[in-house]
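[1] predicted model, plus sequence, below.
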Amino acid sequence: MATQSRLVYFNGKLVPETEAKISIYDSALMFGDMVFEMTRSFKKKQFKLREHIERLYAGLKVLRIPLQMTPEEMERACYETIEANDHLFGADDEHRLMIDVSRGLLGIYQGIEGLHKGPNVIIADFPLRWTVAGMGQLFETGINAVITSQRAIPATLLDPKIKNRSRIHYLMANIEASQIDGDNNWALLLDPDGFIAEGTGDNFFIIKNGTVITPEGRNILRGVSRAYVIEELCPQLGIPVVEKNIEAYDVYTADEAFMTGTPFCMLPVTSLNGNLIGTGKVGEVFDKIIRRWGDNTGVDIVRQIQTWDAERGASATGSAPTPYRFKTK
């Protein structure tokens, strides 16, 4: 894909990706003052876009960012961006939207000539395969979740249910996890009470005696994928679901575990801090749920990601940090 040809929705206009820039005086740069969403498609059709937009607007409301654009206008802008870029995507590519809304210029900079006044709305569209590069093998090996000393920020301080860009604690957890020997180490955060909270961009589940269990939605980002597993996939399969506080002990003694996130949908977690969970292999319940997800969307999720990795070859994993991991080599 020719990156210089992609267009980005930027405050009502479609502009070249290289020209989609906000001011150095924007509140997003000063305070991480921005809400965002990332979506994915299946067979080029957006999945749960409306739910992502609804969560975005909930964050705008709570953070009091005065955006005049309606959710319906936002949705139309998303599809406009996809349409403008679709000719650059291959037949087997998927659209990964990144929607960012910043508060805009701080008051003391409002008088600078030539700068956009008010909130900034940026919608970028790029191949999903970039986000999930190198994840294909995780469907076979599973993740080693690492409980870090960096804790989740509780809702009493900065509500994680608002998907915001103030995420330095995620990055610090990823850096800590990257120092652990071995491969496939992903950070898992505890809340201030010592209960399992979430990963750094993903929600966490265990399976015990046929029941899917996930942390309460208090001190976590309530993921769209998490909701899909709880409210649709498990009921379709007749699998009971419980939301409750869980401790590391509950993970060690679970039969299976997995994480959910928009780009990869689900990934198995086969160990915690190096201790095997269950048999240490990908479990039957995980397989059953992700197969149903694939059946519902018409995409073999595991095969799609593994095929992209095979096509990329050695370049499937880069040296730069990702939203989920921080690499030191």
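    Great, that's in hand. Bear in mind that the values here come from a model prediction, so they are computed numbers and not experimental data.
[2] next, work out how far apart the closest residue to T270 other than its chain neighbours and E256 are.
    Closest residue to T270 apart from its sequence neighbours, by Cβ to Cβ, 6 or more residues apart in numbering: G142 at 2.9 Å. For the C-beta atoms, the positions are set from N, CA and C on the backbone; glycine is no exception. Per Cβ to Cβ, to the nearest Å, G142 is found 9 Å from E256.
[3] kindly report the same for G223.
    G223 sits 19 Å away from E256, going by Cβ to Cβ.
[4] still on that earlier bit, overlap in contacts of G142 and E256?
    Common contacts of G142 and E256, defined by Cβ atoms under 8 Å, 6 or more residues apart in numbering, comprise P268, V282.
[5] let me know the pLDDT of E216.
    On the pLDDT scale, E216 is placed at 97.
[6] if I look at it, how far off is E243?
    Distance, E216 to E243, using Cβ to Cβ: 5 Å.
[7] residues in contact with the residue lying closest to S149 once chain neighbours are set aside?
    Excluding the flanking residues, the one nearest S149 by Cβ to Cβ, 6+ apart is E176, at 6.5 Å. Taking Cβ under 8 Å, 6+ apart, we find E176 in contact with V146, T148, S149, Q150, A187.
[8] what does P323 give?
    So P323 contacts T131, Y170, T200, G201 (Cβ under 8 Å, 6+ apart).
[9] tell me how many other residues crowd the residue nearest to T270.
    Other residues lying near G142 total 24 when counted by other Cβ atoms under 10 Å.
[10] hmm, it is touching N184, no?
    Yes - G142 is in contact with N184 according to Cβ atoms under 8 Å; the separation is 7.2 Å.
[11] output stretch 260-275 as CSV - backbone C-alpha positions only.
    Taking C-alpha atoms only, stretch 260-275 is exported to CSV below (Å, rounded to 0.1, in the frame of the first residue of the first chain):
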residue,chain,number,x,y,z
THR,A,260,-10.0,-9.8,24.0
GLY,A,261,-9.3,-6.8,21.9
THR,A,262,-10.7,-5.2,18.8
PRO,A,263,-7.9,-6.0,16.3
PHE,A,264,-7.2,-9.7,17.2
CYS,A,265,-10.7,-10.4,18.7
MET,A,266,-9.4,-13.1,21.2
LEU,A,267,-6.0,-14.5,22.1
PRO,A,268,-5.4,-17.4,24.4
VAL,A,269,-3.4,-16.9,27.7
THR,A,270,-1.7,-20.2,28.5
SER,A,271,0.4,-19.1,31.5
LEU,A,272,0.6,-16.4,34.2
ASN,A,273,4.0,-15.3,35.4
GLY,A,274,5.4,-18.4,33.8
ASN,A,275,3.0,-20.8,35.6
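[12] okay, buried residues for it please.
    For stretch 260-275, a neighbour-count test (16 or more other Cβ atoms under 10 Å) marks 260-272 as buried.
[13] okay, and which of those map to strands?
    Mapping these onto strands (DSSP state E) picks out T260, G261, C265, M266, L267, P268, V269, T270, S271, L272.
[14] quick one: pLDDT of the second one?
    As predicted, G261 sits at a pLDDT of 98.
[15] next, the residue nearest to L29 when sequence neighbours are not counted: secondary structure please.
    Nearest residue to L29 in three dimensions, chain neighbours excluded: I22, at 7.4 Å (Cβ to Cβ, 6+ apart). Following DSSP: H, G, I helix; E, B strand; the rest coil, we place I22 in the coil state.
[16] hmm, I22 is touching S102, no?
    Yes - using Cβ under 8 Å, I22 is in contact with S102, at 6.3 Å.
[17] where along the stretch 1-150 of the chain do the helices fall?
    27-31, 49-63, 71-85, 128-131, 138-141 (DSSP state H, counting those that start in this stretch).
[18] taking helix 49-63 as reference, get the angle to the third one.
    An angle of 130 degrees separates the directions of helix 71-85 and helix 49-63 when computed by axes from the mean of the first three to the mean of the last three Cα atoms, to 10 degrees.
[19] break this protein into its domains for me.
    3-131, 138-316 (automatic domain parsing).
[20] of those domains, flag the one that's most buried.
    Greatest average neighbour count among the domains of the chain goes to domain 138-316 (a mean of 18), per mean count of other Cβ atoms under 10 Å.
[21] sorry, back to before: just curious, which of the ones in strands among the buried residues of stretch 260-275 is nearest to F42?
    C265 (9.4 Å; Cβ to Cβ).
[22] what's the separation between I108 and S41?
    Look at I108 and S41: by Cβ to Cβ, they are 41 Å apart.
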